[in-house]
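[1] Fold the following and give me the result.
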Amino acid sequence: MPNHSRVTRRLGLKTALATAAALPLAGTALSATPASASASPQERHGSRRLEVMSFNLRFASTTEPNSWAARRPVMRELLRRERPHAIGIQEGLYQQVRDIESDLGPHYDWIGTGRAGGSRDEFVAVLYDTRRLAPLEYDHFWLSDTPDVIGSNTWGGGSIRMVTWVRFRDLRDGDREFSFLNTHLDNASQNARARAASLIAERIAGLDRSLPLVVTGDFNVAAHKNPVYDTMLGAGLADTWDAAAERSALYATFHGYRPLTPDGDRIDWILVTPGVTVHRASINTFSRAGQFPSDHLPVQASVTLG
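    Residues are numbered from 1 along each chain as shown. Got it, this is the predicted structure:
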């Protein structure tokens, strides 16, 4: 995996202007942060634990009854309540990701590019709390036979699919470095999903294996029930849900705005390398007045990197 890009806000903006291939860093949020959100992550969590979330946002639309205008206040409340240190999102459109950054407040930033390049199409962006994490490098690749070709889709998938990868420094854990990889596999083609998982496993093998790795994503298949899952675990990863010392109640992570399914399939996962301690895994069922923030439930993991 190419990983030569040095990440700074200035370079990110310069890159965005220079090429449609990269739109790595959004600007500083303009909205005020509520007083309840002003506490540092360490004050809230009281430890070195890293709070991670994977969340398929459901792309912003004007279609009722679940338009983005209706969902955004609920999304804002959920994220402000949880305040993860790192969030791998799927399906976010450019302005939607900017909305979320604004709603989280000035301590959050993000890295990502549209799957068709630049600000076009959906993002698999990575949002992060700048009080806790500092990005050192980032890269994107596409889930195809030509992974370095922006917008490529060669395996018969229903949509362009990609990966966003970041190497972070954990500012509150002795400047420990770790890798964070976020993806969204195809919903239409098992062949595309299987080949994507193999490519991701290949790219993982090329990372610095001395560093912990966190993988977030909507994999569009149920954990324990598909070869894609086997491939990801075969890449040397553990499922945080299975590894956790403590778990929430289990629900299907895709609900489609219908009643939740207890003990249902988890198609959204957080995976980690051995040596990462998983304290708690949870599926967040937050809603407000019957309105869910997305057609997926966010999945969360509280971990210590080593």
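
[2] ok, then the element right after the helix or strand containing Thr216?
    Assigning secondary structure by DSSP states H and E places Thr216 in strand 213-218. Per DSSP H and E, the first helix or strand lying C-terminal to strand 213-218 is helix 227-234.

[3] Just list what that following helix packs against, helices and strands only.
    Helix 227-234 is packed against helix 190-205, strand 268-272, with contacts defined by 3 or more C-beta pairs under 8 Å, 6 or more residues apart in numbering; DSSP states H and E. In this view, the C-beta of every residue, glycine as well, is placed from N, C-alpha and C.

[4] how about it: buried residues?
    Neighbour counts over helix 227-234 (16 or more other C-beta atoms under 10 Å) mark Val228, Tyr229, Thr231, Met232, Leu233 as buried.

[5] Following element in sequence after it, please.
    That would be, after helix 227-234 and using DSSP H and E, strand 238-239.

[6] Show me what that following strand packs onto, helices and strands only.
    Using 3+ C-beta pairs under 8 Å, 6+ apart, strand 238-239 sits against strand 268-272.

[7] Now the strand it packs on: buried residues?
    Buried-residue list, strand 268-272, by 16+ other C-beta under 10 Å: Asp268, Trp269, Ile270, Leu271, Val272.

[8] from those, which is closest to Arg71?
    Ranked by distance to Arg71 (C-beta to C-beta), these are led by Asp268 at 17.1 Å.

[9] My guess is the closest one contacts His296. True?
    Yes - here Asp268 reaches His296: they are 6.0 Å apart, a contact under C-beta atoms under 8 Å.

[10] strands paired with the strand holding Thr216, and their directions?
    Paired strands of strand 213-218, with direction, are strand 176-184 (parallel), strand 268-272 (antiparallel) (DSSP bridges).

[11] okay if I get those as TSV plus mean pLDDT and distance to Asp103?
    Shown next, in TSV, are the strands paired with strand 213-218 (pLDDT from 0 to 100; distance: least, C-beta to C-beta, whole Å):
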stretch	mean pLDDT	distance to Asp103
strand 176-184	98	19
strand 268-272	99	21
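
[12] Tabulate those strands in JSON lines, adding columns for distance to Ser152.
    As requested, the strands paired with strand 213-218 are exported to JSON lines (distance: least, C-beta to C-beta, whole Å):
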{"stretch": "strand 176-184", "distance to Ser152": "15"}
{"stretch": "strand 268-272", "distance to Ser152": "24"}
